[in-house]
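**Student:** Dropping a prediction and its sequence here:
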Amino acid sequence: MFSNRDLKKLLIPLIIEQLLSVLVGMADVVMVAEVGEAAVSGVSLVDAINLLIIQCLAALATGGAVVAGQALGFKDEKRACRSANQLVLITTLISVVIMAISLLGNGVILKLLFGKIEADVMANARTYFYITALSFPFLAVYNSCAALCRVMGNSKISMEASLVMNGINIAGNAIGVYVLRVGVAGVAVPTLVSRMVAAFIMLAVVRNQDRQIHIDRRFRLGYDPHMIRQILKIGVPNGLENGMFQFGKIMIQSLVSTMGTASIAGFAVAGNLANIEYLVGLAIGMGLVTIASQCSGAKEFGQVRQYTKKLLLLNYGLLFFVVLAIDLFRGPIVSIYNLSPEASAIASGLILFHGFAMLVWPPAFVLPNALRASSDVTFTMVIAVSSMWAFRIGLAYLLVYVFHTPVIGVWIAMSIDWIFRCIVFIARMAGTKWMRHGSDNELPHRKEHA
C-alpha cells in the first residue's frame, strides 16, 4: 500500500520536525541556564507537567488520526472528514478545561507534585507554568490538525508549520533572555506566541475543502456522539497510557528533586540530550500510525507486520549514528549548558548510560504504535502502565531510598522497564490476537490477510 517513495515523503519531514522540536528544547535550556541553575530546575519541573498534558492531548489527536486513517484505508473519505470535525471539537474543549485547572491551581499543583523545593526554584516554576498553560488550547488545535495532515501522508505541511513555530520560539527566547533579561518569562512567552501562530496556520490548512480530510470551512463542527466515542475509544486508553507514563516521569522528577540542585540540573540536561536519541523513533512512530491505520482499515494485517519490521530496522540504522555522535561528544555538548562541575559530571554519566539502554527502546516504544493503529489499545495501555509502576517508579524508589543509589539508579530502573516492554510487545506482534480488533466496527469487514 505504501511505496518507498511514499515512506520517504512521510518520514523525512517528520524526522526534521522532531529534530527542530528537540533543538529548540535544548536552546530553551541553554538560554535559561544564563539565568541560573534555579531557573533550569524550575523550568524542568514544569516541563514534566507540561509534557504530561501535551502527551494526553497528542493521544486524543492520535485517536482521531487512527479513525480517519482507517476510514481512508477503506476509501471512505466522508467518514474521515466527519472524524476530523469531531477531533478538533473534542480536543479544543478538553484543552480549555485543562488550561483553566492549570491557571487556577498553579501553586497548589506544583506543591502537591514536588513538595518542598527551594524558594527560587518554585518562583521560576510558577511563572513558567502560568504562561505556558495559556498555550494548551492552541497546542491542541495544532496537534489535531497536524495529525490529520500526517494521516493523509502529507507530513511536509506540519513540518513547515513547525519551522515557523520553532523559528518564532527561538528568536523570542533570545530576545527575552539576552535583550530584555526577563528570566524564565523570556522563554515562556515565545512558546505561547509560537503555538498560537502554528495553530492558526494548521487550521487554515485543514479548512481547505480540496484535501482528502478537511474540517468544515465555517467551523460548523457539529456534534456526533458516535464518532466522538470512536475517537475516545482509541484516544482515551492511549491518553491514559501516555498520561500515566508522564505522571510516572513527574514522580521520578519529584524523586530527583530531593537529591539537590546539582542532581536536578544534571538530570534535566541529560534528559534534554536524551531527547535527541528519541527523535528518529518518535518520527517513525508517527509515520507508523499513518501506515498501520490505513493497512488495518483495509484489513491488510500482513502489511502492518511488514511495514513495522521495515521501520524498526530503519530506526536502528539511524539510531546507531545518533547515539555514537552524542556519546563521543557528550563532554563538549554538556559544557554548553554552563553547569557546575558536579552537575556536568552527572549529566555526562547519565547520557553515556542512556546510549546503551537505547538498544531496546525501538521495540518498546515504536512497535506499539502499529498495535494502537490497529485498535489494539487496551493491551498496550495495560502493559505500559503496569510496567511503569512496577519498574520505572517502584524500582526507582527502591534503589534510591532503600539502596541509596545516586541519580543513575533512576535510569537503571527505566532501562528495566524498557526491556520488559520490548519482550511483551514483540511477542504480541508475533501473534494474531491484535488482529481481532481490526478497524472501526462501523466499517464492513473484508477478508483478513495475516
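**Tutor:** In hand now; what should we look at?
**Student:** Identify each buried residue in the helix or strand hosting L20, please.
**Tutor:** Remark: L20 resides in helix 4-33, with elements defined by DSSP states H and E. Within helix 4-33, the residues that qualify as buried are 7, 9-11, 13-22, 24-33, counting by 16 or more other C-beta atoms under 10 Å. Yep, even glycine has a C-beta here, placed from its N, CA and C like the rest.
**Student:** What of stretch 261-281?
**Tutor:** Applying 16+ other C-beta under 10 Å to stretch 261-281 flags 261-274, 276-281 as buried.
**Student:** Now do F403 against Y397, distance only.
**Tutor:** Per C-beta to C-beta, to the nearest Å, F403 is found 10 Å from Y397.
**Student:** quick one, which of these two is more surrounded?
**Tutor:** Y397 (16 against 8; other C-beta atoms under 10 Å).
**Student:** Does the more buried one touch L255 like I think?
**Tutor:** Yes: between Y397 and L255 there is a contact at 6.4 Å, judged by C-beta atoms under 8 Å.
**Student:** low pLDDT regions in this protein?
**Tutor:** Within the chain, the segments meeting pLDDT under 70 span 437-450.
**Student:** run the last query once more with 50
**Tutor:** For the chain, the stretches with pLDDT under 50 are 438-441, 443-450.
**Student:** Apart from its neighbours in sequence, what residue is nearest the most centrally placed residue in the chain?
**Tutor:** Centroid-nearest residue in the chain, with C-alpha atoms, centre = their mean: Q55, separated by 5.2 Å. Distances taken as C-beta to C-beta, 6 or more residues apart in numbering place N242 nearest to Q55, at 3.8 Å, with adjacent residues excluded.
**Student:** Can you say which helix or strand has that neighbour in it?
**Tutor:** Per DSSP H and E: helix 225-256 holds N242.
**Student:** Over to W411?
**Tutor:** Secondary structure assignment for W411, by DSSP H and E: helix 408-430.
**Student:** now the angle between helix 225-256 and that helix, please.
**Tutor:** 150 degrees (axes from the mean of the first three to the mean of the last three C-alpha atoms, to 10 degrees).
**Student:** Now do the buried residues in helix 408-430.
**Tutor:** 408-411, 413-422, 424-425, 428-429.
**Student:** what's the answer for stretch 133-152, then?
**Tutor:** 133-152.
**Student:** again with stretch 293-305
**Tutor:** S293, Q294, C295, S296, G297, A298, K299, E300, F301, Q303, V304, R305.
**Student:** any idea how far A71 is from the second one?
**Tutor:** To A71, Q294 is 9 Å away according to C-beta to C-beta.
**Student:** Tell me where the stretch 51-200 of the chain has helices.
**Tutor:** 77-104, 106-114, 119-133, 136-151, 155-174, 185-206 (DSSP state H, counting those that start in this stretch).
**Student:** which of these sits most buried?
**Tutor:** Among the helices of the stretch 51-200 of the chain, helix 136-151 has the highest mean neighbour count (mean count of other C-beta atoms under 10 Å), at a mean of 27.
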